[in-house]
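1. mind folding the following:
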Amino acid sequence: MLRVGIIGCGKITQVRHLPEYAQNPDARVTALFDLNTQRAAELAAQYGAAVYPSYQAMLDDPAIDAVSVCTANDTHAEITLAALAKGKHVLCEKPMATTRADCERMADMARQTGKTLMIGQNQRLAGAHVKARALIAAGEIGTPITFRTSFRHGGPETWSIDPGAGTWFFDRKRAVMGAMADLGIHKTDLIQYLLGQTVVETKATLTTLDKRLADGSLIGVDDNAICIYTMSGGAIGTMTASWTDYGPEDNATVIWGTRGVLKIYEDPAHALVLHRVGGAVETFDVEEIQTNDKQTKSGVIDLFVDMVAGKAEGITADSVVTAMRAVFGSIESSETGMAVKVNG
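-> This next block holds a predicted model:
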């Protein structure tokens, strides 16, 4: 039985980590910590866990085998590195960290300690994405040439545990990055996963167009990010992350190859559509994508538990570092107006 502590009791803990650990017969949440002690106490009573006075006290407890890090972006590296040093396995929410150096340190520490470090890039686990990766690897669309992938919704102020203009997602000190870190890392990691390639160059614009604080001033982080990625296999495409989609959530990816086109979560009637050269069309009605308004079991917790047990490779820190390099390269590109080489 994997004894788990959760650090941070916000929305992602409440809709994913706590209920999914509770459903896993090989894990049990025994410890909770949150700066909001009342929130932690209420959840502890609901799930039969103990409340700890600090995350350091939790990490000092030898009765805890693993932790989920579900805090604001700026604390991910600090807590993860401390947990690994204390011999805990770690499931860290995205973004992995807020600097490239911290991401590299986290991956290095996991290797040095021999402990599991998984990053919660749940889009890899969506049914249509798993099937699409297999189809591409099997050559069903030939060689990928171009792509577009996007993640757009109306913003985190309706999702956050503290909703409204005061959400920590809009606070540059705590979030550091905006839509790029919240949504862009998902699609950057995803396109690498789908193609089995890494981003090697990015030309990007990160900007703040619409989101405002309570005083009417623009938020301190980006609410839109548009990137042109060149992949290690030669394909070129766009990645768009946006908090200003005030219609239906967009989580679609299209990949054009030499022998066909794959449309993933674009057609409302079919999760995956394969258009072959010559006009033949094949559809795959696998599971729907999660949305903020429609939460389903992510598979992240089950995979982490299996990863710790040695039953699965999981979503390793090393595999996510390459996507994070593209994120930081995109920020640099936006600041300089120049294309930036990454993963070279």
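
2. pLDDT weak spots in this protein?
-> Scanning the chain for pLDDT under 70 picks out 288-296.

3. what ranges do the helices span in the chain?
-> Ranges of helices in the chain, per DSSP state H, are 11-12, 18-23, 37-47, 55-59, 76-85, 100-113, 127-137, 172-175, 179, 185-195, 300-308, 317-336.

4. list the buried ones in stretch 38-56?
-> Within stretch 38-56, the residues that count as buried by 16 or more other C-beta atoms under 10 Å are 39-40, 43-44, 47, 49-52, 55. Where you see a C-beta, it was placed from the backbone N, CA and C, and this is true even at glycine.

5. please identify which of those is nearest to Glu140.
-> Nearest to Glu140 among the buried residues of stretch 38-56: Tyr47, at 43.7 Å, using C-beta to C-beta.

6. residues contacting that closest one?
-> Taking C-beta atoms under 8 Å, 6 or more residues apart in numbering, we find Tyr47 in contact with 18, 22, 29, 32.

7. tell me the buried residues within those.
-> By neighbour count, with 16+ other C-beta under 10 Å, the contacts of Tyr47 hold 18, 29, 32 as buried.

8. next up, the contacts around the last one.
-> I take that to be Leu32. Contacts here follow C-beta under 8 Å, 6+ apart; on that basis Leu32 touches 5-6, 9, 40, 43-44, 47, 49-52.

9. ditto for Gln192
-> Contact analysis of Gln192 by C-beta under 8 Å, 6+ apart lists 198-199, 231, 322-323, 326.

10. how about those residues in TSV, adding distance to Ala271 and neighbour count?
-> Putting the contacts of Gln192 into TSV (distance: C-beta to C-beta, whole Å; neighbours: other C-beta atoms under 10 Å) gives the following:
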residue	distance to Ala271	neighbour count
Thr198	26	20
Val199	25	26
Met231	23	20
Thr322	26	19
Ala323	23	28
Ala326	26	28
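
11. I figured Ser298 hits Arg16, correct?
-> Yes. Using C-beta atoms under 8 Å, Ser298 makes contact with Arg16 at a distance of 5.6 Å.

12. tally of neighbours for the closest residue to Ala214 other than its chain neighbours?
-> Distance criterion C-beta to C-beta, 6 or more residues apart in numbering; nearest residue to Ala214, sequence neighbours excluded, is Ala165 at 4.3 Å. By the measure other C-beta atoms under 10 Å, the count of residues near Ala165 is 14.
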